[in-house]
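Novice: dropping the sequence and predicted coords here.
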Amino acid sequence: MPIKIPKLLPAREILEEENIFVMDEDRANRQDIRPLNILIFNLMPEKEKTEAQLLRLLGNTPLQVNISFLRTATYEAKNASRLHLEQFYTTFSNIRNRKFDGMIITGAPVELLSFEQVDYWDELTEILEWTSSNVTSTLHICWGAQAALYHHYGIGKFELPKKCSGIYAHRVHDRSEKLLRGFDDEFFAPHSRYTDVSAEAIKGNEQLKLLSSSEEAGPFIISSLDGRRIMVTGHLEYDTATLSEEYARDLNRGLDIHLPEYYFPENNPELRPVNRWRSHAHLFFSNWLNYYVYQETPYKWE
């Protein structure tokens, strides 16, 4: 089934080239079906790339999904076109009285700041509180996961000796968890961050379950007991070349950065990386949409 997105959204052309079924508002309105309403709070600097990455995964299930994009009202993104934001995004004041079946809160390049130093922290905490009663299940990614763990559960983050960047092996801890249904015992996923959270603090919190982790990259998939909050510390949504592009960007900025680990063949940045996480990325998003959103959300929100 298709995802419904704005007719002129630039990601539409990318998705159609990949044979992902998309439809615009006109066609969707002619279908007698209850679609899932998914809100994406996109805090990443390159908005259009993140849109395409997430929509690609959300569009590969049998469920019809309506997508809305949310931006900050208290902070103006420096790397995004104002026209793009005004045309395709809304602010919290416009949707605070709505209910959503699912929501995604992305990462953001602010992890070396304390949470309270982030310009839009107050706005984000208001939205995090709102999700508790207005969203069936919220998926938090990377810094978005750390923000949720801190705000909802009091679990802070700590700075790593060097950036965690690369493709790391992960183990599944609970094979009965529906979110990980169909996962291999060991699977790979990208990480790209300077901070981490404590596995011991997660395990010691009675409201949380640590579903998957990596010996090298730490905790990976964390869930609240009721599945209404899913925290993922890495980036299953990343394209094959995303870590390569980030590495080149950091080099151009003059940062003391190392090669992403287990990523370039023969550790040679001139060679094209091999994608080893795509199938589990699709499986993860499909499981989340099916088991935690579609099967849990009310047909009609009261």
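Specialist: Received the coordinates, thanks.

Novice: can you show me the helices along the stretch 1-150 of the chain?
Specialist: Taking DSSP state H, counting those that start in this stretch, the helices of the stretch 1-150 of the chain run over residues 11-17, 25-29, 47-58, 82-88, 92-95, 121-134, 143-153.

Novice: so who does residue 222 touch?
Specialist: Residues near residue 222 by Cβ atoms under 8 Å, 6 or more residues apart in numbering: 145, 149, 202, 208-211, 230-233. Every C-beta, even on glycine, is put in place using the N, C-alpha and C of the backbone.

Novice: swap in 10 Å and give it another go.
Specialist: Taking Cβ atoms under 10 Å, 6 or more residues apart in numbering as the contact definition, residue 222 lies against 140, 145, 148-149, 153, 155, 197, 199, 202-203, 205, 208-213, 229-233.

Novice: please report how far the residue lying closest to residue 136 once chain neighbours are set aside lies from residue 291.
Specialist: In space, and not counting its chain neighbours, residue 136 is closest to residue 297: 4.1 Å by Cβ to Cβ, 6 or more residues apart in numbering. Using Cβ to Cβ, to the nearest Å, residue 297 is found at 11 Å from residue 291.

Novice: what residues are shared contacts of these two?
Specialist: residue 137.

Novice: compare those two (neighbour count), which wins?
Specialist: A count of neighbours by other Cβ atoms under 10 Å puts residue 297 above the other of residue 297 and residue 291, at 19 against 16.

Novice: the more buried one reaches residue 37, doesn't it?
Specialist: Yes: contact criterion Cβ atoms under 10 Å: residue 297 and residue 37 qualify, at 8.8 Å.

Novice: now whichever strand or helix holds residue 188: mean pLDDT?
Specialist: According to DSSP states H and E, residue 188 maps onto strand 186-197. Averaged across strand 186-197, pLDDT comes to 97.

Novice: in the helix or strand just after it, which residues are buried?
Specialist: The helix or strand immediately downstream of strand 186-197 is helix 199-203, counting by DSSP H and E. Going by neighbour count (16 or more other Cβ atoms under 10 Å), the buried part of helix 199-203 is residue 202.

Novice: give me the helices and strands touching the strand holding residue 188, please.
Specialist: helix 143-153, strand 157-172, strand 208-214, strand 218-224, helix 242-252, helix 278-287 (3 or more Cβ pairs under 10 Å, 6 or more residues apart in numbering; DSSP states H and E).

Novice: can you put the ones you listed in CSV and add mean pLDDT?
Specialist: Formatted as CSV, the helices and strands packed on strand 186-197 follow (pLDDT from 0 to 100):
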stretch, mean pLDDT
helix 143-153, 98
strand 157-172, 97
strand 208-214, 98
strand 218-224, 98
helix 242-252, 96
helix 278-287, 97
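
Novice: still on that earlier bit, tabulate the CA atom coordinates of the strand holding residue 188 in CSV.
Specialist: Extracted in CSV, the C-alpha atoms of strand 186-197 (Å, rounded to 0.1, in the frame of the first residue of the first chain):
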residue,chain,number,x,y,z
GLU,A,186,23.1,-11.0,14.9
PHE,A,187,22.5,-8.0,12.6
PHE,A,188,24.2,-4.9,11.6
ALA,A,189,23.3,-1.2,11.9
PRO,A,190,24.9,2.2,11.4
HIS,A,191,25.8,4.5,14.3
SER,A,192,27.0,8.1,14.2
ARG,A,193,27.3,10.0,17.5
TYR,A,194,29.6,11.4,20.1
THR,A,195,27.7,10.4,23.1
ASP,A,196,26.1,7.2,24.6
VAL,A,197,23.8,6.1,27.3
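
Novice: mind listing what's buried along it?
Specialist: For strand 186-197, by 16+ other Cβ under 10 Å, it's 187-197.

Novice: quick check: the gap between residue 245 and residue 252.
Specialist: Residue 245 sits 11 Å away from residue 252, going by Cβ to Cβ.

Novice: all good on my end, thank you.
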